[in-house]
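> Test case, fold it:
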Amino acid sequence: MDIKKIAAQMAKSYEESDITMLSCNQLPDKGEIISILEDLKSLFFPAYFGKVDCAEPREFAEQLLSSVYYRLKKQIELALSFNSQKDVKERAENITQEFINELPNVHKLLIKDVHATFEGDPAANSFEEIIFSYPGFYAILVYRIAHLLYLSRVPFIPRIMSEYAHGKTGVDINPGATIGEYFFIDHGTGIVIGETTVIGNHVKIYQGVTLGALSPRKGQSLSGVKRHPTVCDGATIYSGSSILGGETVIGKDVVIGGNSFITESVGDGAKVSVKKPEHIIK
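Alright, predicted model coming up:
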C-alpha cells in the first residue's frame, strides 16, 4: 500500500473541491455549544437542572451568566472568523451582550410554554414533570435560545443547537422559525417546522406534523423567500398532518384533523378533517 500516493490524491481532491477542506480558522466546538445549552437550561430552571443554594439565587444566576457569556462569545468569534468576517471580536461581543440581555424575556416565554403544555395535556401531572421530562418542551427551550442567535446572523451555532435537540427529541424546529407565546407540542416525534414558518400564540401541534415547503426543487434560489406556512393564534394541528407552502395561512382557532394534507389557506374558525378511510377486512 502506497500511503504517500493516496495522500497526494487526497491533497489534490482538497484543492479541487469548492468546499473548504483546510482552513487556518477553527470551527465552533459542538461539545462546548451543547455544554452552554445545558448551562442555560440550568439557568432557566435551577431546581431541576442546577445546583443552587436556595438562599443565594442571585449569586447562582450571576456566576452562570458570566460563564455562559465568556464561553459563548468565544464560540461566536470562531463562527464569525471561519468565514473571515470583519470586526469579529467587536461583533461577537455585541451579539453576546444582546443575547444575555434577552435571556430574562426567554425565561418568561418558557414559563408560558410550560403553562400551555400543562393546560393542553390531560396526562401532565405537574409543571415539574413537563420541565423535567417532556421532549416537546425541551425542543421549544432549545429553539428559543437558538432563535436569538439566528436573528443575530450567527453562523453554525443556531443550527448546531437545533440539530442537537432534533437528535434528542425527534422534533425538528429550524431556528429561523417565528413562534409566539404559549406554544404546545404534544408527544413531539416527527414534527418538522421549517425556517420561514410563522406560528402565532396559543398554538397546539401534535406528533408527525410537517409545516413545510411546497417544493424545494429550486434549492438555493429560494433562500430568503417565505416558503413555509403561517399558523395563526389558537390553531390546533393534529398528528400526521402536512401543511405546505409560503402562501398557506391557517386562520385563527382552526382545527386541523389528523393526516390532513393542506396546500391552501383555511379561514378563521374552520375545522378540517379527512374522510374516514374504508377498511377492508378479509
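> For the spatially most central residue of the chain, which residues are in contact?
In the chain, the residue lying closest to the centroid (CA atoms, centre = their mean) is Tyr143, at 3.1 Å. Each residue near Tyr143 by CB atoms under 8 Å, 6 or more residues apart in numbering is listed here: Ser162, Ala165, Ile173, Pro175, Ala177, Ile179. Any C-beta I mention is one placed from the backbone N, CA and C, and that applies to glycine too.
> ok, now Thr196?
Gly176, Ala177, Val225, Lys226, Arg227, His228, Gly246.
> and the gap between it and Glu32?
29 Å (CB to CB, to the nearest Å).
> the helices in the stretch 101-250 of the chain, which residues?
Taking DSSP state H, counting those that start in this stretch, the helices of the stretch 101-250 of the chain run over residues 127-133, 135-151, 157-169.
> how about these in TSV, adding distance to Ile3?
Shown next, in TSV, are the helices of the stretch 101-250 of the chain (distance: least, CB to CB, whole Å):
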stretch	distance to Ile3
helix 127-133	50
helix 135-151	42
helix 157-169	34
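> quick one: which of the contacts of Thr196 has the most company?
Greatest neighbour count in the contacts of Thr196, by other CB atoms under 10 Å, goes to His228: 27 neighbours.
> ok, how many other residues are close to the nearest residue to that one once chain neighbours are set aside?
Spatially, and ignoring its direct neighbours in sequence, His228 is nearest to Gly194 (3.7 Å; CB to CB, 6 or more residues apart in numbering). Gly194 is flanked by 20 other residues according to other CB under 10 Å.
> My read is that Gly194 contacts Asn174, right?
Yes - counting by CB atoms under 8 Å, Gly194 does reach Asn174; the two are 5.6 Å apart.
> which residues sit against stretch 92-102?
Stretch 92-102 is touched from outside by 65, 68-69, 72-74, 76-77, 80, 148-149, 152, 154, with contacts defined as CB under 8 Å, 6+ apart.
> Considering the contacts of Tyr143, which possesses the most neighbours?
Going by other CB under 10 Å, Ile173 tops the contacts of Tyr143 with 28 neighbours.
> For Tyr150, see how far away that residue is.
Ile173 is 11 Å from Tyr150, where distance means CB to CB.
> Isn't Ser260 up against Ser239?
No - using CB under 8 Å, Ser260 is not in contact with Ser239; the gap is 10.1 Å.
> that older thread, can I have the buried ones of the contacts of stretch 92-102 as a ChimeraX selection?
ChimeraX command restricting the contacts of stretch 92-102 to the buried ones, with burial defined by 16 or more other CB atoms under 10 Å:
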select :68,69,72,73,76,77,80,148,149,152,154
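> could I get the contacts of stretch 92-102 as a markdown table with pLDDT?
What follows is the contacts of stretch 92-102, written out as a markdown table (pLDDT from 0 to 100):
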| residue | pLDDT |
| --- | --- |
| Leu65 | 96 |
| Val68 | 97 |
| Tyr69 | 98 |
| Leu72 | 98 |
| Lys73 | 97 |
| Lys74 | 97 |
| Ile76 | 96 |
| Glu77 | 95 |
| Leu80 | 93 |
| Leu148 | 98 |
| Leu149 | 98 |
| Ser152 | 96 |
| Val154 | 96 |
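> Need the max-distance pair from the contacts of stretch 92-102.
Leu65 and Leu80 (21.6 Å; CB to CB).
> and of the helices of the stretch 101-250 of the chain, who's closest to Ala61?
Comparing those against Ala61 with CB to CB, the closest turns out to be helix 135-151 (15.9 Å).
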